[in-house]
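K.L.:
fold the stuff below for me.
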Amino acid sequence: MTEKRIILEMGSGNDLYGGDYTKAACRAVQDALHHSSIILFRSLGYDHRTMRVQVTIGVQEPEQVDTAAVAATLPRGRAEVKAVFGGLNVHDPEQGTTHVIATAAVEAFLPADNDWRLSKPA
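P.N.:
Now for the predicted structure:
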């Protein structure tokens, strides 16, 4: 059975003083999740565990993101998290700090056959 993407949400998060890429990534995911309300599962009788959640995190130093920790913040579905180059570092030479800004794309997929629809065709 194939999958269909049912949700795409974006978010951003930061760590202004600690330079923690994982913290910024988790905040970006939470920002994206706060833009969504998934009532589909209860309305249509789906088990949320059938949903695959694919998260892409953009930061300047992707290797610094603990993807397992980011996946653990997701409340539903089976999570897959990858970190890629993106986001933004803002350097503050006066304070000697770097502010880390992360972006997140959160996609949700459900198994579906080719005739799957939310409503019957007219």
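K.L.:
please name the residues that touch Leu74.
P.N.:
By Cβ atoms under 8 Å, 6 or more residues apart in numbering, the residues touching Leu74 are Val29, Leu33, Val53, Val55. (C-beta placed from N, C-alpha, C; glycine too.)
K.L.:
now with 6 Å, please.
P.N.:
By Cβ atoms under 6 Å, 6 or more residues apart in numbering, the residues touching Leu74 are Val53.
K.L.:
tell me the SS of it?
P.N.:
Reducing the assignment at Leu74 to three states with DSSP: H, G, I helix; E, B strand; the rest coil gives coil.
K.L.:
look up how far Thr67 lies from it.
P.N.:
Going from Leu74 to Thr67 by Cβ to Cβ, to the nearest Å gives 11 Å.
K.L.:
where do the strands sit along this protein?
P.N.:
2-15, 52-59, 78-85, 88-92, 97-112 (DSSP state E).
K.L.:
by contact count, what packs against the longest helix seen in the chain?
P.N.:
Longest among the helix segments of the chain by residue count, using DSSP state H, is helix 21-33. Packing partners of helix 21-33 (3 or more Cβ pairs under 6 Å, 6 or more residues apart in numbering; DSSP states H and E): strand 2-15, helix 67-71, strand 97-112.
K.L.:
could you rerun that using 10 Å?
P.N.:
strand 2-15, strand 52-59, helix 67-71, strand 78-85, strand 88-92, strand 97-112 (3 or more Cβ pairs under 10 Å, 6 or more residues apart in numbering; DSSP states H and E).
K.L.:
nearest to Thr22, of those?
P.N.:
For the helices and strands packed on helix 21-33, the distance to Thr22 is smallest for helix 67-71, at 5.4 Å, taking Cβ to Cβ.
K.L.:
circling back to that earlier point, export the strands of the chain as TSV, with columns for distance to Arg42 and mean neighbour count.
P.N.:
What follows is those, written out as TSV (distance: least, Cβ to Cβ, whole Å; neighbours: other Cβ atoms under 10 Å):
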stretch	distance to Arg42	mean neighbour count
strand 2-15	14	16
strand 52-59	17	21
strand 78-85	19	16
strand 88-92	38	12
strand 97-112	14	20
